[in-house]
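Novice: using only what follows, build the 3D model:
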Amino acid sequence: MFGYLFVFVKTENKRRLISNCLLFSSSVMLTVSLFDIIPSSYTYLAKVYLFIPSILIIAISGLFGALLIHVINTSFKSQNNLYKIGITSMLALIIHNIPEGIITFISTTNNTKLGIVLAFSIALHNIPEGITIAVPIYYSTKSKKKAFIYTFISSISEPLGALIAYFLIDKINNTYFFSFILSFTAGIMIYLSIFELLVEGIKYSKIKDIFISMLLGFLIIIFSVYII
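Specialist: Next up, the predicted model:
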């Protein structure tokens, strides 16, 4: 929910702020997918399959995710592209957050220290994900209330994942379940980051802004995933 606070940022150049936030969010989603979600999916699959079958399963699952969000995008009836980006980002992050909540819960039950570190890392990279929803929704609807509600719906999906794990921990601790969901989510997020957030973000940005926004998103995720 900290990402929601960006709707209160005061600026004379709102178009530049929106573009920079979209580019930053694009970098965050892309980096999370390539350096966190896909490697995590491979880790699960590598316990059962060799390298090539694992990569094929990840690629096919990711393709299904990308196709799903493409269908949702093309059928989404809205004249406001920012609003569409906010809604589709919310849907993608809900799908992303539920398994994160499950994984954090299971990790904590096995190793409390690991669970705390994982929770902090995920919390850190969830802040820019909140920006991905809040900023487009606010500037497309001019409603702080809607931006808050949609961001909250996405953020509450993570503890919902933990709640699911609490009741079904014996049934969901499954290699195939996690690997498919993670790869599927990566496909959705890669599609959104490139074909929605990046495309919209570069429309009104200078080369310098594009470089800084993308680099900042990349560094924050690398810090939260690998350094912490």
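
Novice: tell me where the chain has helices.
Specialist: Counting by DSSP state H, residue ranges of the helices within the chain are 14-32, 38-45, 51-75, 81-110, 112-141, 144-172, 175-192, 199-201, 207-222.

Novice: need those helices in JSON lines with distance to Phe2, can you?
Specialist: Every C-beta, even on glycine, is put in place using the N, C-alpha and C of the backbone. Compiled in JSON lines, the helices of the chain are given as follows (distance: least, Cβ to Cβ, whole Å):
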{"stretch": "helix 14-32", "distance to Phe2": "13"}
{"stretch": "helix 38-45", "distance to Phe2": "24"}
{"stretch": "helix 51-75", "distance to Phe2": "25"}
{"stretch": "helix 81-110", "distance to Phe2": "14"}
{"stretch": "helix 112-141", "distance to Phe2": "5"}
{"stretch": "helix 144-172", "distance to Phe2": "10"}
{"stretch": "helix 175-192", "distance to Phe2": "20"}
{"stretch": "helix 199-201", "distance to Phe2": "21"}
{"stretch": "helix 207-222", "distance to Phe2": "13"}
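
Novice: redo these as a markdown table? Include mean neighbour count, mean pLDDT and distance to Tyr4.
Specialist: Output for the helices of the chain, formatted as a markdown table (neighbours: other Cβ atoms under 10 Å; pLDDT from 0 to 100; distance: least, Cβ to Cβ, whole Å):
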| stretch | mean neighbour count | mean pLDDT | distance to Tyr4 |
| --- | --- | --- | --- |
| helix 14-32 | 23 | 88 | 12 |
| helix 38-45 | 20 | 88 | 27 |
| helix 51-75 | 16 | 90 | 23 |
| helix 81-110 | 21 | 85 | 12 |
| helix 112-141 | 20 | 83 | 4 |
| helix 144-172 | 17 | 88 | 5 |
| helix 175-192 | 23 | 84 | 19 |
| helix 199-201 | 19 | 88 | 19 |
| helix 207-222 | 17 | 90 | 17 |
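
Novice: of all these, which one is nearest Phe8?
Specialist: Each of the helices of the chain was scored for nearness to Phe8 using Cβ to Cβ, and the closest is helix 144-172 (7.9 Å).

Novice: could you check the angle helix 175-192 makes with that closest one?
Specialist: With axes from the mean of the first three to the mean of the last three Cα atoms, to 10 degrees applied, the angle from helix 144-172 to helix 175-192 works out at 150 degrees.

Novice: switch to numbering from 16
Specialist: That works, and once the first residue is 16, the last one we named lands at helix 159-187.

Novice: packing partners for helix 159-187?
Specialist: Contact here means 3 or more Cβ pairs under 8 Å, 6 or more residues apart in numbering; DSSP states H and E; on that basis helix 159-187 packs against helix 96-125, helix 127-156.
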